[in-house]
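Engineer: using only what follows, build the 3D model:
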Amino acid sequence: MAAATLARRIGRSGVLPLCCRLPAWDRAARPPPGPAQPPGLPLAPCRSFSNNKIQVELDESSGVAMMKFKSPPVNSLSLEFLTEFSISLEKLENNKACRGVIITSALPKIFSSGLDITEMCGKSIEHYTEFWRAVQEMWLRLYGSNMVTVAAVNGSSPAGGCLVALSCDYRIMAENPKFSIGLNEAQLGIVAPFWFKDTFVNVVGHRIAERSLQLGSLHPAPEALKLGLVDELVPEEKLMEKAAAVMAQWLALPDHARQLTKTMMRKAVLDRLVAHREEDIKNFISFVSKESIQKSLRMYMEMLKKRKS
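Structural biologist: Numbers count the residues shown, from 1 in each chain. From the prediction side, this is the model:
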């Protein structure tokens, strides 16, 4: 079934099919299926699946999957992209051979530009509901995944793109001062929801998160490392090698101990959104439907068009 068709069906039902199953963070921990791949060795894909926006290759011998965003020009998180992302995560989570996933971009200079502005401008209430539910689902699956998740950030990653990286267990960024990362929603006249904020605070601490969120800051790679927003900087050509080495290090631990520790650290934040999910959707619709916000979004879209031309 095409992702766009699935997205439309989700909209009619109001509930993502993925939600019918227990979230990854509430499942019993899996026993480790085997030893991790030694550090630095290239991933040899044994099984792959690809759709319009995302390509996934799984090396069943090492238990490591490579997920690449491939939605030109900037990997924006559209409804279709978010639907495919959640489905891809579910497939990997349900595959007992998969223990970890490295998330990166197939496009040069950009990891993800964040939420697709066109999904939030001039659309119906039903569309806003469908879109925001898909954003929530993506985060619940990624932040609560039983798998080891490593973000190999090979380009700029503002707003929702930053959220994707923040939701992973470990973040490695290409050592390029032209690349930046941050939750810059305030620059667009948008307020990051509480679960964006909670994820950010859990990574960098309250004071840095508060200042960065209020200013809508985008942090160049060296500054992002200094703030703890990313864990390591490496030369661009070494990024995937380093990601494989980090993954091997994490997978050397017993899965059950790591998974239960991750659940202990993250469950309260995940449960907060689950408990207030419908309220969060209503708040998003109320906010994004305001004419002042729609005006800000239209102005931003016009600015982007001028840049392209």
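
Engineer: which phi and psi values does residue 91 adopt?
Structural biologist: Comment: the main-chain dihedrals of residue 91 come out as phi -60, psi -40, following degrees, to the nearest 10.

Engineer: would you mind giving me the confidence score for it?
Structural biologist: If you check residue 91, the pLDDT there is 94.

Engineer: what's the spacing between it and residue 207?
Structural biologist: Going from residue 91 to residue 207 by Cβ to Cβ, to the nearest Å gives 39 Å. Where C-beta positions appear, they are placed from N, C-alpha and C, glycine not excepted.

Engineer: for residue 173, same thing?
Structural biologist: With distances defined as Cβ to Cβ, the gap from residue 173 to residue 207 amounts to 22 Å.

Engineer: now residue 145
Structural biologist: Here the distance between residue 145 and residue 207 works out to 28 Å (Cβ to Cβ).

Engineer: between these two, which is the more surrounded one?
Structural biologist: The residue with the greater number of neighbours, taking residue 145 and residue 207 and applying other Cβ atoms under 10 Å, is residue 145; the counts read 24 against 9.

Engineer: and that one, which helix or strand is it part of?
Structural biologist: Under DSSP states H and E, no helix or strand contains residue 145.

Engineer: is the residue lying closest to residue 219 once chain neighbours are set aside in a bridge, and if so with what?
Structural biologist: Ranked by Cβ to Cβ, 6 or more residues apart in numbering and with sequence neighbours excluded, the top spatial neighbour of residue 219 is residue 182, at 4.9 Å. Per DSSP bridges, residues listed as beta-bridge partners of residue 182: residue 158.

Engineer: identify the residues contacting residue 182.
Structural biologist: Contact analysis of residue 182 by Cβ atoms under 8 Å, 6 or more residues apart in numbering lists 158, 159, 162, 212, 216, 217, 218, 219, 224, 229.

Engineer: right, and the helix or strand after the lengthiest helix in the chain?
Structural biologist: Scanning the chain for the helix with the most residues, using DSSP state H, yields helix 255-275. Sequence-wise, the next helix or strand downstream of helix 255-275 (DSSP H and E) is helix 277-288.
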